[in-house]
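Chemist: sequence and predicted model, in that order:
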Amino acid sequence: MIIWRGAGIFVFFIILGSAFLVMFAGAAVFGEPWFAEENQGWVLATGFVLSAVLTYGFHVFLERDKGKKAVDPATGQEIILKTPHELAFIPVKFWPYILLAVAVCFAVAAIFGVPIFN
């Protein structure tokens, strides 16, 4: 089950789209079967870096929304109301860092020759 709020579901689609794009590019570069054991970590790391970059751009796009200003009648204090954008209860602004951490894990696994899938 995928849980999201606002435009957070698009992070999932960005990750999925990046994975497909990198898989097709991997097939073009490495040929069939491109997902050989020695290429797995690098291809997955590249996909997650691409996802992180696109998600960061998406976050910047979402932050352009300044929100709606409202005034609390009891205190007279001005409040800015913005739609939260989350995927799995994690705000979109943190997803690029999570995706980069996953990419680093796959790159380290590739450097040390650890098989990703057995």
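Modeler: All right, it came through fine.

Chemist: please, where are all the strands along this structure?
Modeler: Using DSSP state E, the strands of the chain run over residues 4-5, 68-71, 78-81, 86-87, 90-91.

Chemist: got a list of what residue 106 touches?
Modeler: Contacts for residue 106 (CB atoms under 8 Å, 6 or more residues apart in numbering) come out as 40-42, 44-45, 48, 116. Every C-beta, even on glycine, is put in place using the N, C-alpha and C of the backbone.

Chemist: what's the closest of the residues you listed to residue 65?
Modeler: residue 48 (26.7 Å; CB to CB).

Chemist: next one: the nearest residue to residue 14 once chain neighbours are set aside from residue 26, what distance?
Modeler: Computed as CB to CB, 6 or more residues apart in numbering, the closest residue to residue 14 that is not its neighbour in sequence is residue 54, at 4.9 Å. According to CB to CB, to the nearest Å, residue 54 and residue 26 sit 18 Å apart.

Chemist: which strand residues bridge residue 79?
Modeler: residue 70 (DSSP bridges).

Chemist: got the contact list for it?
Modeler: 69-72.

Chemist: from the contacts of residue 106, keep the buried residues only.
Modeler: 40-42, 44-45, 48 (16 or more other CB atoms under 10 Å).

Chemist: need phi/psi at residue 66.
Modeler: Dihedral angles of residue 66 (phi, psi; degrees, to the nearest 10) stand at phi -80, psi -10.

Chemist: what's the neighbour count on residue 4?
Modeler: With neighbours defined by other CB atoms under 10 Å, the count for residue 4 comes to 17.

Chemist: skip the chain neighbours and tell me the closest residue to it.
Modeler: residue 87 (4.9 Å).

Chemist: could you pull out the helices for the chain?
Modeler: 9-30, 40-63, 95-111 (DSSP state H).

Chemist: can you say which of the ones you listed is packed in most?
Modeler: helix 40-63 (a mean of 19; mean count of other CB atoms under 10 Å).

Chemist: that helix versus helix 9-30: what angle between them?
Modeler: Counting by axes from the mean of the first three to the mean of the last three CA atoms, to 10 degrees, helix 40-63 points 140 degrees away from the direction of helix 9-30.
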